[in-house]
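Participant: Give me the fold of what follows.
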Amino acid sequence: MDKRLSILVVDDEPVNIQLLSSALKDVYDILTAQDGYEAISMLKKHTPDLILLDVMMPDLNGFEVCKIIRGCAQFDDIPVIFISALDTYEGTRQGLNIGGNDYITKPVDLALLKQRVRNHLEFKERDATVKRQRNQMVHQKEMLEAALARVKQLEGIIPIGMYS
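Facilitator: Okay, the predicted model is just below:
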């Protein structure tokens, strides 16, 4: 049985957390945080597969949280989708420039949200597959190079054609 993927929903408004969680809970395990500090703390305990992150929160806003996440190698591959009432080109541009993978404005179209979540999780899985395949190829190349070096070493000991 496949492990259910998890999503961390971060928003300072409980109604928004409830709305997003309700839309996704049938397919994904949902973790929640009501502010940026709680989100960072949650990441230390659980590594979600994707983060839905409100931008405008008191104390530590979503952009600051994203910068912290992107600064930690272990979390760098987690897709971050900003969810914000800040519907400006500057806000969208800032969110994407600091490492967000997507930016959705409120009120949220839940069908669109589900599709974007699904797409980003598929992209993440494809990226992980490519990284695994690349690592396998590097390992195979190293093994072939070691075998070739051994053959060359043996050729020096027993010249080829000596027993022909």
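Participant: Give the rounded mean pLDDT of the helix ranked longest in the chain.
Facilitator: Secondary structure of the chain per DSSP state H: the longest helix is helix 110-157. For helix 110-157, mean pLDDT rounds to 89.
Participant: just stretch 52-69 next, same as before
Facilitator: Rounded mean pLDDT across stretch 52-69 is 96.
Participant: Identify the residues contacting that stretch?
Facilitator: Here stretch 52-69 makes contact (Cβ atoms under 8 Å, 6 or more residues apart in numbering) with 7-13, 16, 20, 35-37, 39-40, 43, 51, 75-76, 78, 80-86, 91, 94-95, 98-100, 113, 117. Yep, even glycine has a C-beta here, placed from its N, CA and C like the rest.
Participant: ok, and for it, which residues are buried?
Facilitator: By neighbour count on 16 or more other Cβ atoms under 10 Å, the buried set for stretch 52-69 is 52-55, 57, 60-63, 65-66, 69.
Participant: before we move on, what about stretch 98-118?
Facilitator: For stretch 98-118, by 16+ other Cβ under 10 Å, it's 98, 100-106, 108, 113, 116-117.
Participant: Stretch 121-130 too?
Facilitator: So stretch 121-130, judged by 16+ other Cβ under 10 Å, has buried residues 121, 124.
Participant: And for it, what's in contact with it?
Facilitator: Against stretch 121-130 from outside (Cβ under 8 Å, 6+ apart): 5, 49-50, 77-79.
Participant: Of those residues, keep whichever come out buried.
Facilitator: By 16+ other Cβ under 10 Å, the contacts of stretch 121-130 give 5, 49-50, 78-79 as buried.
Participant: now the residues you listed in TSV, with secondary structure and distance to residue 155?
Facilitator: Output for the buried ones among the contacts of stretch 121-130, formatted as TSV (DSSP: H, G, I helix; E, B strand; the rest coil; distance: Cβ to Cβ, whole Å):
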residue	secondary structure	distance to residue 155
5	coil	52
49	coil	51
50	strand	54
78	coil	50
79	coil	51
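Participant: Looking at those, spot the one nearest residue 152.
Facilitator: residue 78 (45.1 Å; Cβ to Cβ).
Participant: residue contacts, that closest one?
Facilitator: Counted by Cβ under 8 Å, 6+ apart, residue 78 has contacts 47-51, 69, 124.
Participant: same thing but at 7 Å, please
Facilitator: By Cβ atoms under 7 Å, 6 or more residues apart in numbering, the residues touching residue 78 are 48, 50-51, 69.
Participant: Of the residues you listed, which belong to strands?
Facilitator: Among the contacts of residue 78, DSSP state E puts 50-51 in strands.
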